[in-house]
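Student: Quick one: sequence plus predicted model below, questions after.
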Amino acid sequence: MDVLEAIMTRRSIRSYTGEIIKEEDLRIILQAGFQAPSAHNFEPREYVVISDRDTIERIAGFHKYAQMLPKAGCGIVVCGDQTKQSEMGFLVEDCSASIQNMLLASHGLGLGAVWCGLYSVKKLTDAMADILRLPDHIIPIGMVVVGVRDREKDAVDRYDESKIHFDRWREE
Ligand SMILES: Cc1cc2nc3c(=O)[nH]c(=O)nc-3n(C[C@H](O)[C@H](O)[C@H](O)COP(=O)(O)O)c2cc1C
């Protein structure tokens, strides 16, 4: 799939067949995550791949908006390493860029994926850090849930010229 087609047609997929994704697809998705830009090129990201049933159920137990995880069968928790990037804003941006790359790669491979937020809700980051036994300097930022999608979803056109400003902000 062409990169522009992937960007324009990607949707959050929360409904899956229950089949396990192929190992080579998982590797490509992770490679795409690593290819994302990072501030100062520090690459402060770490990835925890989750496929263990018990861990999956425990995550679905605390994350109200990750109820699709058990059927998807795979989650990739993207974490920021504070010893490599101490500016929290950059750490979140670096991990977010990586998450978006993985969403696009999943879509390009014909799989279904959705971003599940963690960082902005302390009780979610705390619960995830506890379950994954993360050291204190490793901050879980977000999770990509990925699986074999059971249907396609229509693309949406969100382009809005009224939100584009050339050279300066115009009120009219
Ligand atoms: C930071 C962030 C956190 C999100 N968290 C969740 C989540 O916890 N669960 C979920 O189902 N979708 C989550 N989403 C996906 C959004 O709901 C989705 O991107 C949005 O509704 C637009 O739909 P689309 O991705 O199909 O274009 C999140 C998206 C972002 C960017």
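Tutor: Yep, that arrived. Just so it is clear, the structure is predicted and the values come from calculations on it, not from any experiment.

Student: Tell me which other helices or strands the longest helix seen in the chain touches.
Tutor: Of all the segments assigned as helix in the chain under DSSP state H, the longest by residue count is helix 88-108. Where contact means 3 or more Cβ pairs under 8 Å, 6 or more residues apart in numbering; DSSP states H and E, helix 88-108 is packed against helix 3-9, helix 23-34, strand 45-50, strand 75-81, strand 112-117, strand 138-147. Heads up, the C-betas are built off the backbone N, CA and C, glycines and all.

Student: JSON lines for those, including distance to the ligand and mean pLDDT?
Tutor: What follows is the helices and strands packed on helix 88-108, written out as JSON lines (distance: least, Cβ to the nearest ligand atom, whole Å; pLDDT from 0 to 100):
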{"stretch": "helix 3-9", "distance to the ligand": "10", "mean pLDDT": "97"}
{"stretch": "helix 23-34", "distance to the ligand": "15", "mean pLDDT": "98"}
{"stretch": "strand 45-50", "distance to the ligand": "15", "mean pLDDT": "98"}
{"stretch": "strand 75-81", "distance to the ligand": "11", "mean pLDDT": "98"}
{"stretch": "strand 112-117", "distance to the ligand": "3", "mean pLDDT": "98"}
{"stretch": "strand 138-147", "distance to the ligand": "6", "mean pLDDT": "98"}
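
Student: Relative to residue 170, tell me which of those wins on proximity.
Tutor: Relative to residue 170, the nearest member of the helices and strands packed on helix 88-108 by Cβ to Cβ is helix 3-9, separated by 27.1 Å.

Student: Name the residues of that closest one that come out as buried.
Tutor: When neighbours are counted by 16 or more other Cβ atoms under 10 Å, the buried residues of helix 3-9 are found to be residue 6.

Student: Enumerate the residues of this structure near the ligand.
Tutor: Residues of the chain lying close to the ligand (Cβ under 6 Å from any ligand atom) are 11, 12, 14, 65, 66, 114, 115, 116, 117.

Student: Sticking with the closest residue to the first one other than its chain neighbours, tell me its helix or strand.
Tutor: What it means is residue 11. The shortest distance from residue 11 to any residue other than its chain neighbours is 4.1 Å, reached at residue 153 (Cβ to Cβ, 6 or more residues apart in numbering). If you go by DSSP states H and E, residue 153 is not part of any helix or strand.

Student: what's the spacing between residue 153 and residue 75?
Tutor: Residue 153 sits at a distance of 20 Å from residue 75 (criterion: Cβ to Cβ, to the nearest Å).
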